[in-house]
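>>> Test case, fold it:
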Amino acid sequence: MKKIIAASVAVLLAVVTVFFSGCDALISTIQAEEATTLPFSTSRTEDLDSKQKIAAYYAQLLTLAKEGHAGVSRETRYEINDLNIVPRALEGVTDENGNQQSDPALDVLNAAAEEVRSFIARAVESSTESVAFGEDWGDVAPNTIPDPESVLDASLVMGEETTEEEGQPVVYTNFYYGDISFRPENYPLASNSVIAQVFPFPDETVISEEMAKMDDYFVFDSYSAVFEENTISFSSERILDQIDYANYTSVIRVTAHARGVGKLADYGDLTVYFTLRCANNYTFDWVDPSVPVDE
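Okay, the predicted model is just below:
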């Protein structure tokens with residue numbers, strides 16, 4: 001298991017690598033009531049009062065979008081937000097503010113770490129894949145939630161129109177805005193992992209090629225990682241139950257044990273910390289190109 005986990009984290013380091021539920025009468029009502037001071041009432045509104053129900057609603061939105069042949073686009077991006085190197089002996093030692101204690105003797109090394117980051121950054125450019133309306137989603141499809149009970153927390157609010165006039169009542173829009181969060185995990189490749197089923201991560205087949213880019217600096221011995229801040233943010237047209245977008249984000253905090261080689265050979269055993277942000281952002285297209293647009 002550790003070998004598999006190490007492989008997964010290694011590649012993360014390296015790659016850092018329709019369905020309309022309304023009827024004609026309902027739609028007519030909506031069009032006649034474009035703005036209201038009260039929330040719209042639908043058959044599902046009263047049910048979205050718990051994290052499990054919000055998660056189930058989100059899962060249903062994806063099902064309806066797939067059955068409705070909505071188009072979908074996915075933008076994938078991995079970002080390193082920090083990279084800090086300390087002597088192995090100082091690993092876990094904190095200063096008076098609770099931050100990892102640094103070693104002034106390694107200031108030059110941490111400055112040089114920017115050069116290491118440059119190798120990684122070249123493989124971190126965002127990529128985009130798209131499927132047109134009416135086509136099969138294939139590998140572009142977002143992952144749904146395997147079990148609403150796995151959700152840590154969730155919220156759902158209705159959009160509000162802003163008004164510059166003081167004292168005016170709130171005007172609600174036709175959109176829901178939701179957030180779903182999951183518990184942190186140390187071993188996302190475990191058979192009972194929720195994160196691995198929901199959040200797409202880099203393919204570990206690129207490990208050898210990408211890790212070779214850092215052979216002049218480090219030999220990595222072992223890795224540990226905490227996958228946290230695992231969230232799905234989404235928006236939907238709440239009358240027709242059409243999902244608008246869904247953003248999957250996971251923040252991975254990695255601790256890697258390494259030995260300096262080449263230019264860094266004199267530094268011996270080191271601990272490398274970095275934070276990796278994995279983002280997969282989906283947008284959905286409900287426009288059927290075969291349907292004429294009224295001028």
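>>> Could you pull up phi and psi at G262?
The phi/psi pair for G262 (degrees, to the nearest 10) reads phi 60, psi -120.
>>> show me the contacts for it.
Going by C-beta atoms under 8 Å, 6 or more residues apart in numbering, G262 touches D216, Y217. Every C-beta, even on glycine, is put in place using the N, C-alpha and C of the backbone.
>>> thought I239 was touching Y172?
No: between I239 and Y172 there is no contact under C-beta atoms under 8 Å: 11.4 Å.
>>> Might you report the residue contacts of R183?
Neighbouring residues of R183 by C-beta under 8 Å, 6+ apart: S150, L152, V194, N230.
>>> by contact count, what packs against the host helix or strand of the second one?
I take that to be L152. Per DSSP states H and E, L152 falls inside strand 151-161. Judged by 3 or more C-beta pairs under 8 Å, 6 or more residues apart in numbering; DSSP states H and E, strand 151-161 is in contact with helix 51-67, strand 171-182.
>>> Which one of the ones you listed lies nearest to S127?
Comparing the helices and strands packed on strand 151-161 by their distance to S127 (C-beta to C-beta), the top pick is helix 51-67, with 21.4 Å.
>>> Distance from the chain centre to that closest one, please.
The chain centre lies 17 Å from the centre of helix 51-67; the measure is C-alpha atoms, centre = their mean, to the nearest Å.
>>> That one: which residues count as buried?
51, 54-62, 64-66 (16 or more other C-beta atoms under 10 Å).
>>> what comes up buried for the following helix or strand past that helix?
Counting by DSSP H and E, the next helix or strand C-terminal to helix 51-67 is strand 71-87. For strand 71-87, a neighbour-count test (16+ other C-beta under 10 Å) marks G71, V72, S73, R74, T76, Y78, I80, L83, I85, V86, P87 as buried.
>>> Ok, stretch 258-265 next?
The neighbour-count check on stretch 258-265 (16+ other C-beta under 10 Å) flags A258, G260, L264 as buried.
>>> Repeat that for stretch 144-160.
By 16+ other C-beta under 10 Å, the buried positions in stretch 144-160 come out as T144, I145, P148, S150, V151, A154, L156.
>>> Now L109: closest residue in space that isn't a chain neighbour?
Distance criterion C-beta to C-beta, 6 or more residues apart in numbering; nearest residue to L109, sequence neighbours excluded, is I85 at 5.6 Å.
>>> what are the bridge partners for the one you found, then?
Beta bridges link I85 to V272, judged by DSSP bridges.
>>> I'd like the distance between it and L264.
According to C-beta to C-beta, to the nearest Å, I85 stands 9 Å off from L264.
>>> Repeat that for T275.
Distance, T275 to L264, by C-beta to C-beta: 21 Å.
>>> Also G98?
Going from G98 to L264 by C-beta to C-beta gives 28 Å.
>>> Now do the contacts for the nearest residue to I243 once chain neighbours are set aside.
Spatial nearest neighbour of I243, excluding adjacent residues (C-beta to C-beta, 6+ apart): L61 at 4.2 Å. The contact partners of L61, by C-beta under 8 Å, 6+ apart, come to F234, S236, D241, Q242, I243.
>>> and with 10 Å instead?
Listed by C-beta atoms under 10 Å, 6 or more residues apart in numbering, the contact set of L61 reads 19, 144, 176, 178, 234-238, 241-244, 246, 284.
>>> What is the nearest of the residues you listed to V131?
Nearest to V131 out of the contacts of L61 is F284 (C-beta to C-beta; 10.0 Å).
>>> Provide a list of residues in contact with the closest one.
For F284, the contact set (C-beta under 10 Å, 6+ apart) comprises 18, 61-62, 65, 68, 70-73, 133, 142, 234-237, 242-246.
>>> Try it again at 6 Å.
A65, A70, V72, I243 (C-beta atoms under 6 Å, 6 or more residues apart in numbering).
>>> circling back: okay if I get the buried residues of helix 51-67 as TSV plus distance to R253 and pLDDT?
Supplementary listing: the buried residues of helix 51-67 in TSV, determined by distance: C-beta to C-beta, whole Å; pLDDT from 0 to 100:
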residue	distance to R253	pLDDT
K51	24	90
I54	27	92
A55	25	91
A56	30	90
Y57	31	92
Y58	26	93
A59	28	92
Q60	33	92
L61	30	94
L62	29	94
L64	36	94
A65	33	94
K66	33	93
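>>> Quick check: the farthest pair among those residues?
Every pair of the buried residues of helix 51-67 checked by C-beta to C-beta; the farthest is K51 and K66, at 23.2 Å.
>>> for the chain, which residue is closest to the average position?
For the chain, T249 is the residue whose C-alpha lies nearest the centre (C-alpha atoms, centre = their mean; 1.6 Å).
>>> No more questions from me, cheers.
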